[in-house]
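> Here is my input, please return the structure:
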Amino acid sequence: MDLLIQTAYAQGAQPQGSGTSFIIMMALMFAAFYFLLIRPQQKKQKQHQELVSGLQVGDEILTAGGILGKITGVSDHYAVIAISDNTEIKIQKQSISAVVPKGTIDEA
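Numbers count the residues shown, from 1 in each chain. Model prediction:
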C-alpha cells in the first residue's frame with residue numbers, strides 16, 4: 001500500500017508544463033488575432049475616413065443604401081446630393097460607400 005501511495009505522489013509531482021509555454025501560446029494567439037482581424041479592419045476604416053474627408057462638390061457617389069447621386073454641398077458631417085432633376089437629399093457623409101467615376105449617373 002505504501003508503494004501505491006508513493007507512486008501516486010511521485011506522478012503528481014512531475015511538472016505538467018511550464019508557465020512560459022502558456023504565455024508564449026497566448027502571445028501567439030493574440031498576434032494571430034491582431035493580424036487576421038484587427039489590423040485589416042483598421043486599414044479599411046482608415047481608407048473610408050480618407051474617402052469621406054476628400055469629398056468635393058461635383059463628385060458622383062454611391063451610398064451604402066445604393067443611391068447614386070452628385071454632391072452639390074458638403075459640410076462637416078453631411079453632404080447634399082442631387083439624385084435627379086430638382087431632387088436633392090441630405091445624407092450623413094459616413095453613409096457614402098464609394099466615389100464612382102464621372103459620368104456614371106448620366107449612363108444609369
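> use CA for all of it now, contacts and neighbours both
OK.
> Check for me that residue 99 belongs to a strand.
Yes - looking at residue 99 with DSSP: H, G, I helix; E, B strand; the rest coil, it is inside a strand.
> Look up how far residue 54 lies from it.
10 Å (C-alpha to C-alpha, to the nearest Å).
> Then residue 85?
From residue 85 across to residue 54, the span is 25 Å (C-alpha to C-alpha).
> which one of these two has more residues nearby?
Neighbour count, other C-alpha atoms under 10 Å: between residue 85 and residue 54, residue 54 has more, with 9 against 6.
> Return the backbone torsion pair for that one.
phi -100, psi 10 (degrees, to the nearest 10).
> How far does stretch 47-56 sit from its chain's centre?
In this view, stretch 47-56 has its centroid 15 Å away from the chain centroid, taken as C-alpha atoms, centre = their mean, to the nearest Å.
> One more: stretch 99-108?
Relative to its parent chain, stretch 99-108 has a centroid offset of 27 Å by C-alpha atoms, centre = their mean.
> Now residue 78: closest residue in space, sequence neighbours ignored.
residue 92 (4.4 Å; C-alpha to C-alpha, 6 or more residues apart in numbering).
> Can you tell me the number of residues neighbouring that neighbour?
Burial measure for residue 92: 15 neighbouring residues, criterion other C-alpha under 10 Å.
> ok, now how distant is it from residue 24?
Distance from residue 92 to residue 24, counting by C-alpha to C-alpha: 45 Å.
> So residue 88, which state does it fall into?
Quick answer, by three-state DSSP: residue 88 is strand.
> Now it: closest residue in space, sequence neighbours ignored.
residue 82 is the one closest to residue 88 (C-alpha to C-alpha, 6+ apart), at 4.3 Å.
> mind checking the SS state of that neighbour?
In three-state terms, and counting by three-state DSSP, residue 82 is strand.
> residue ranges with poor pLDDT in this protein?
1-17, 107-108 (pLDDT under 70).
> Break it into its domains for me.
20-53, 56-107 (automatic domain parsing).
> mind listing what's buried in the first one?
Burial within domain 20-53, assessed by neighbour count using 16 or more other C-alpha atoms under 10 Å, is assigned to 48, 51-52.
> Noted, bye for now.
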